[in-house]
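Trainee: Attaching a predicted model along with its sequence, questions to come.
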Amino acid sequence: MLKHLKYSFFAKTDVGRVRPQNEDAIAVREGLQLAVLADGMGGYNAGEVASNIAITVIPEEVERQLQENVYHHPDDQVALRRMCLMQAVRKANAEIISAARNEPAYRGMGTTVVVAWLQQNAICIAHVGDSRVYRFRSVEVAPEHAKDAVESTNEFLQLTRDHSVLQEQIEAGLVAPDEALYALNRNVITRAVGVDYQLIVDVNEHPLQVGDMYLLCSDGLSDRLSSAEMKAIIRDADGDLGLTCDNLVQAANAAGGQDNISAILIKISGEE
């Protein structure tokens, strides 16, 4: 049983080297232990409008839903968390659709969303689109011989599944995973917030461990750097969240910086 967990956050967004404006948006609400990242799309800065609606509405709605429903789920906190996140993303979805209908310049706008909410020794993740969450964790490796010492290694695992044409092709065996960074259709998503009232939101929950680090990122990072490159940058920064964020953004820019680049890091510390 974990106790006295501490959550540290650091967030950074960068316009990149090609785009004229930044349509990514990020927010951290440390009091709520929640982080949200959105990657907007749409002409005439409409993507920026959509992503900012998402990062504003979602934390407010999570907090409102939590206050209103905490007594309705006294014995099922997992269900409560899932409901809060799903309702919050759907509220953002409705707000973006409404804004697009009221302003012709905003029509067609939408955004990806990924939310990480830390509650009761678990991370609850909601996402739509191809923004991602990764987990960096130290894991023990069983020795080959019983007399040998237990060794540890670093695991870097993607916890979200992209809602994209490319992901569907990978799962169908049409594209090899190691070819994904170079695929021409890698930015074609199959779900977005603000496009359709019938929005499907993926919500998953994972147990926390002391020493874990979680990375939320837009595709401006994950399209430029491989998982191995991101893992090495996180490992080499030795737990310094600011340095890690800076190095991730710098590396993505050095690799072309063709899109806006956003990253939120969450570090878990405390006692087990």
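Mentor: Perfect, thanks for sending it. Numbers count the residues shown, from 1 in each chain.
Trainee: going forward, measure contacts between C-alpha atoms and count neighbours the same way
Mentor: Noted.
Trainee: Roughly how far does Gln77 sit from Leu32?
Mentor: When C-alpha to C-alpha, to the nearest Å is applied, the distance between Gln77 and Leu32 equals 15 Å.
Trainee: Check Ser8 too.
Mentor: For Ser8, the distance to Leu32 (C-alpha to C-alpha) stands at 12 Å.
Trainee: One more: Ala252?
Mentor: As defined by C-alpha to C-alpha, Ala252 lies at a distance of 30 Å from Leu32.
Trainee: Compare these two and say which is more crowded by neighbours.
Mentor: Higher neighbour count among Ala252 and Leu32: Ala252, with 23 against 14, using other C-alpha atoms under 10 Å.
Trainee: Surely the more buried one touches Ile261?
Mentor: Yes: with contact defined as C-alpha atoms under 8 Å, Ala252 reaches Ile261; the gap is 7.4 Å.
Trainee: Can you check which residues contact both of the two?
Mentor: Taking C-alpha atoms under 8 Å, 6 or more residues apart in numbering as the contact rule, Ala252 and Ile261 both touch 220-221.
Trainee: List the buried residues for stretch 231-245?
Mentor: Across stretch 231-245, burial judged by 16 or more other C-alpha atoms under 10 Å covers 231, 233-235, 241, 244-245.
Trainee: between the residues you listed, which is nearest Gln167?
Mentor: For the buried residues of stretch 231-245, the residue nearest Gln167 by C-alpha to C-alpha is Lys231; the value is 20.9 Å.
Trainee: Would you mind listing where the stretch 51-200 of the chain has pLDDT under the threshold?
Mentor: Low-confidence segments of the stretch 51-200 of the chain (pLDDT under 70): 71-75, 140-151.
Trainee: for it, what spans make up the strands?
Mentor: The residue ranges that make up the strands of the stretch 51-200 of the chain, judged by DSSP state E, counting those that start in this stretch, are 110-119, 122-128, 132-141, 151-158.
Trainee: Please identify the most buried of these.
Mentor: For those, ranked by mean neighbour count under the definition mean count of other C-alpha atoms under 10 Å, the leader is strand 110-119 at a mean of 27.
Trainee: re earlier: with secondary structure as new columns, can the buried residues of stretch 231-245 be given to me in TSV?
Mentor: Formatted as TSV, the entries for those read as follows, by DSSP: H, G, I helix; E, B strand; the rest coil:
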residue	secondary structure
Lys231	helix
Ile233	helix
Ile234	helix
Arg235	helix
Leu241	helix
Thr244	helix
Cys245	helix
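Trainee: tell me which of these is nearest to Ile123?
Mentor: Leu241 (18.2 Å).
Trainee: check contacts around that closest one.
Mentor: Counting by C-alpha under 8 Å, 6+ apart, Leu241 makes contact with 9-10, 265-267.
Trainee: Please report the residue range of the longest helix in the chain.
Mentor: In the chain, with assignment by DSSP state H, the single longest helix is helix 77-102.
Trainee: What are the buried residues along it?
Mentor: Buried residues in helix 77-102, defined by neighbour count with 16+ other C-alpha under 10 Å: 78, 80-97, 99-100.
Trainee: same deal with stretch 196-214?
Mentor: Applying a neighbour-count criterion of 16+ other C-alpha under 10 Å, one finds 199, 201-205, 208-210, 212-214 buried in stretch 196-214.
Trainee: helix/strand/coil for the residue nearest the centre of the chain?
Mentor: The geometric centre of the chain, computed from its C-alpha atoms, lies nearest to Leu216 (C-alpha atoms, centre = their mean), at 3.4 Å. Classification of Leu216 into helix, strand or coil gives strand, according to three-state DSSP.
Trainee: From Gln158, how far out is the nearest residue in space to it that is not next to it in sequence?
Mentor: The shortest distance from Leu216 to any non-neighbouring residue, by C-alpha to C-alpha, 6 or more residues apart in numbering, is to Val133 (4.5 Å). Taken as C-alpha to C-alpha, the spacing of Val133 relative to Gln158 amounts to 6 Å.
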